[in-house]
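S.K.: curious how this folds, go ahead:
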Amino acid sequence: MDPIRNPYSPGAGTPPPELAGRQAVRDMVRISLARIRIGRSAKSIMMVGLRGVGKTVLLERMRLDAEGDGIHTISLEAPEERSLPALLAPQLRVALLRLSHVEAARDLAVRGLRALAGFVGKLKVTYQDIEVGLDYEPEPGLADNGDLSIDLATLLEQVGRAAQSANTAVALFIDELQYVKAEQLAALISALHRCAQQQLPVTLVGAGLPQLRGQMGDAKSYAERLFDFPMIGPLDEADAREAIEKPAEAEGVSYQPEAVANILSETQGYPYFLQEWGKQAWDTALLSPISQDDVTAATAVTVAALDESFFRVRFDRLTPSEKTYLRAMAELGPGPHRSGDIAKQMNRSVQSLAPTRSSLIAKGMVWSPTHGDTAFTVPLFDAFMKRIIPGA
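M.R.: The predicted model follows:
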C-alpha cells in the first residue's frame, strides 16, 4: 500500500475525496441562490451541526458551486476575537470592486464603495479592529449613522442594487457564526431582512454549532422565518460506506466487508472520523483488500492521533472547573444529560454550576438540545475525557 497514494484527507476543512450524502442540502442552496438572482423570494440557509460533520467542507464546496454559477461570493470564518464589521468590510469592498467592472453596475457599485467609506468611518470608533482600504470618499448620509444595524442594512442594500444591475447575486458564506456577538448577529439578520423585503439579491449561507438556531431566534424573533436551518448530521450507513470505499476503489484498493463495518461502528458515521480511520487503515495495511485486522490495528493509532489533535486542541482551552464539569458529563455517557444529573454527579447544586455551563456553551463545547439538557458538541468527546482524566 503506497502511502503517497493514500486518498483520505483528515483535516480542518480539508475536502474529502468523496463528499457523500450531502447532495440534498447542496441542491437547496443552489436553488435558493438561483431564485434570488432572478428576483424571487428565497430564505437564507443556516446549516447547524456538531463538530466533525463536515460543515466547513460543505460550505466551501457550496461557495465554489455558486462561483461556478456566476454568483459573487464572500467567504468568512467568524473567530471569537474579531468583530463582524471587521470581517465583512474588506470582503464587501472586494465584491463591490468586482461589480464595478460590470458596466451596467458600475455607478451603483461606486455608490456602494462610498457607503462602505461612511460605514467604516463611523463604526471604527466602536469596532476598532476594522482595517480596510477605501477607494472613494464617503457620501454624507449614506451608511454613516454610527448605528451598526442601520448602517449595515444600508450598505448591504447598496451591494444588492449593484448586484441586481449586474444580473447576479452576492452570497455571504460565513462559518462558525455561533461566535458572533448577539448585537452584531441581530444587525446582520436585520440587514438581510431588509434586502429580502426589497427583493435584492443578497443572501447568507452560514454554518455553526446547534445552539446557533436559538441564538438567532434570541437576536431577532423573525429569524426562523428568514432562514432555513438544515441539520447536518453523521452520514447514514450507505453514505458512510461510500465515503470509505469509493476513494479506495479509485486507487484499485478494496476492503473486506467486516473491515468497513468496523470503521462504521468506530466512527458512528461522522465524516471527519471516517477520514481519520480510512487514512490510518490504508497506512496500516500491507496489501488489498484492507482487512478487519488492519482496521483493528489502525484504531489504536487513530485514537491516539485524535487525542493529540482534534480533541486535545479543544481540551487545552478549558479551565480546571470546565474540565471537571465535562468529566462528570462523560461519566454519565454520551448524553444529552439533565443539568440536575450532572450536578448530582459532582455533588454540587445546579445553580452553582450555571456559570461553568454558560462558559462551556460560549466556547462551543456543549449545547442545550432542550431546556435543562446539556450535550457535547464534539462527538466521542465523552470517551476522550475518560482517557485523558482516568477514574470517576
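
S.K.: the protein: strands as residue ranges?
M.R.: 44-48, 72-77, 170-175, 202-208, 227-228, 337-338, 366-367, 373-376 (DSSP state E).

S.K.: go through those strands and name the closest to A163.
M.R.: If you check each of the strands of the chain against A163 by CB to CB, strand 170-175 wins as the nearest, at 4.7 Å. The way it works is simple: take the backbone N, C-alpha and C, and place the C-beta from them, glycine included.

S.K.: got the angle for that closest one vs strand 72-77?
M.R.: Strand 170-175 runs at 20 degrees relative to strand 72-77, counting by axes from the mean of the first three to the mean of the last three CA atoms, to 10 degrees.

S.K.: could you list every helix and strand in contact with strand 170-175?
M.R.: helix 55-68, strand 72-77, helix 148-165, strand 202-208 (3 or more CB pairs under 8 Å, 6 or more residues apart in numbering; DSSP states H and E).

S.K.: average model confidence for stretch 342-352?
M.R.: Per-residue pLDDT over stretch 342-352 has a mean of 95.

S.K.: mind listing what's buried in that stretch?
M.R.: Across stretch 342-352, burial judged by 16 or more other CB atoms under 10 Å covers 342-343, 345-346.

S.K.: ok, stretch 184-201 next?
M.R.: For stretch 184-201, the neighbour count (16+ other CB under 10 Å) marks 184-196, 200-201 as buried.

S.K.: and what of stretch 29-44?
M.R.: Per 16+ other CB under 10 Å, stretch 29-44 contains these buried residues: 29, 32-33, 35-37, 42-44.

S.K.: what is the nearest of these to D69?
M.R.: Minimum separation from D69 among these (CB to CB) is found for L33, which lies at 6.9 Å.

S.K.: from what I can see that closest one touches G70, true?
M.R.: No: the pair L33 and G70 fails to qualify as a contact (CB atoms under 8 Å) at a distance of 9.8 Å.

S.K.: for V48, name its beta-bridge partners.
M.R.: On the basis of DSSP bridges, V48 is bridged to G208, M231.

S.K.: measure how buried it is and give me the count.
M.R.: Using other CB atoms under 10 Å, V48 has 24 other residues around it.

S.K.: swap in the one 10 residues further on?
M.R.: Using other CB under 10 Å, L58 has 24 other residues around it.

S.K.: leaving out the residues flanking it, which one is nearest to it?
M.R.: R22 (5.5 Å; CB to CB, 6 or more residues apart in numbering).

S.K.: now do the same contact list for the one you found.
M.R.: The neighbours of R22, taking CB atoms under 8 Å, 6 or more residues apart in numbering as the test, are 54, 58, 61, 232.

S.K.: work out the gap between the helix-or-strand element of the chain with minimal mean pLDDT and the centre of the chain.
M.R.: None of the helices or strands of the chain scores lower by mean pLDDT, DSSP states H and E than helix 223-226, at a mean of 90. In terms of CA atoms, centre = their mean, to the nearest Å, the centre of helix 223-226 is found 19 Å from the chain centre.

S.K.: please point out which parts of that helix sit buried.
M.R.: Buried residues in helix 223-226, counted by 16+ other CB under 10 Å: 223, 226.

S.K.: can you spell out which helices and strands pack onto that helix?
M.R.: Counting contacts by 3+ CB pairs under 8 Å, 6+ apart, helix 223-226 packs against helix 182-197, helix 212-219.

S.K.: please convert the helices and strands packed on strand 170-175 to TSV, extending it with distance to V301 and mean pLDDT.
M.R.: Formatted as TSV, the helices and strands packed on strand 170-175 follow (distance: least, CB to CB, whole Å; pLDDT from 0 to 100):
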stretch	distance to V301	mean pLDDT
helix 55-68	23	95
strand 72-77	30	95
helix 148-165	48	97
strand 202-208	30	96
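
S.K.: and of these, who's closest to L306?
M.R.: Across the helices and strands packed on strand 170-175, L306 has its closest neighbour in helix 55-68 (17.3 Å, CB to CB).

S.K.: tell me what the closest one is packed against?
M.R.: Looks like helix 55-68 contacts helix 23-37, strand 44-48, strand 72-77, strand 170-175, strand 202-208 (3+ CB pairs under 8 Å, 6+ apart).

S.K.: hmm, 10 Å instead?
M.R.: helix 23-37, strand 44-48, strand 72-77, strand 170-175, strand 202-208, helix 271-284 (3 or more CB pairs under 10 Å, 6 or more residues apart in numbering; DSSP states H and E).

S.K.: quick one: buried residues of that helix?
M.R.: Of all the residues in helix 55-68, those buried under the rule 16+ other CB under 10 Å are 55-63, 65-66.

S.K.: mind putting those into a markdown table with distance to G391?
M.R.: Shown next, in a markdown table, are the buried residues of helix 55-68 (distance: CB to CB, whole Å):
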| residue | distance to G391 |
| --- | --- |
| K55 | 34 |
| T56 | 35 |
| V57 | 37 |
| L58 | 39 |
| L59 | 40 |
| E60 | 41 |
| R61 | 43 |
| M62 | 45 |
| R63 | 46 |
| D65 | 49 |
| A66 | 50 |
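
S.K.: show me how this protein divides into domains.
M.R.: Using automatic domain parsing, the domain ranges for the chain come out as 23-228, 236-312, 317-388.

S.K.: export those as a markdown table, with columns for distance to D2.
M.R.: Output for the domains of the chain, formatted as a markdown table (distance: least, CB to CB, whole Å):
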| stretch | distance to D2 |
| --- | --- |
| domain 23-228 | 25 |
| domain 236-312 | 8 |
| domain 317-388 | 30 |
